[in-house]
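**Student:** Just the structure for this:
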Amino acid sequence: MPDINSNIASALSAYQTANSVPVSPRASDNDAVDIAPQGMFKEMIKSSIEQTIDDSRKAEELSKQAIAGKADMRDVVAAVTNAEMALQTVVAVRDSVIKAYQEVMRMQI
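**Tutor:** Presented below is the predicted three-dimensional model:
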């Protein structure tokens, strides 16, 4: 049976290894995705929010073009759907962060 010191050393080693791996979102369908530098959670969230804003602006611009008769309706529907999914993802992450914060605040010290 291993002693507690070797278990702690193994846990610390595993934590340091996991901490050194950068967090990077996966790109899909050749979309350009800003990867968070050195795995910073704050930068990853900021990048995701900025991408969501860009998706919304693209959908809005394509909608304006469609009204003027200059855009294909399939492109408009795809852009609006993409923007809607991105916004739903940001809202879900926000809700999870708020829920985690509330759980931490309920902990007794």
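
**Student:** any weak-confidence spans in this structure?
**Tutor:** Across the chain, residues meeting the criterion (pLDDT under 70) sit at 1-39.

**Student:** The helix ranked longest in it packs against which elements?
**Tutor:** When every helix of the chain is counted residue by residue (DSSP state H), the longest turns out to be helix 73-106. Counting contacts by 3 or more CB pairs under 8 Å, 6 or more residues apart in numbering; DSSP states H and E, helix 73-106 is packed against helix 41-67. Bear in mind the C-beta positions are built from the backbone N, C-alpha and C, glycine included.

**Student:** okay, the angle between the helix it packs on and helix 73-106?
**Tutor:** 150 degrees (axes from the mean of the first three to the mean of the last three CA atoms, to 10 degrees).

**Student:** now for helix 41-67, which elements pack on it?
**Tutor:** Here helix 41-67 touches helix 73-106, going by 3+ CB pairs under 8 Å, 6+ apart.

**Student:** List the buried residues for the helix it packs on?
**Tutor:** Of the residues in helix 73-106, those buried by neighbour count under the rule 16 or more other CB atoms under 10 Å are 76, 79-80, 82-83, 86, 90.

**Student:** For residue 70, state which of those is nearest.
**Tutor:** Checking the buried residues of helix 73-106 against residue 70 with CB to CB, the nearest one is residue 76 at 10.7 Å.

**Student:** Please report how far the closest residue to residue 66 other than its chain neighbours lies from residue 50.
**Tutor:** Excluding its sequence neighbours, the residue lying closest to residue 66 (CB to CB, 6 or more residues apart in numbering) is residue 76, at 4.6 Å. Spatial separation of residue 76 from residue 50 under the definition CB to CB, to the nearest Å is 22 Å.

**Student:** now swap in residue 89 and tell me
**Tutor:** Distance from residue 89 to residue 50, counting by CB to CB: 13 Å.

**Student:** Any figure for the gap between residue 61 and residue 54?
**Tutor:** 11 Å.
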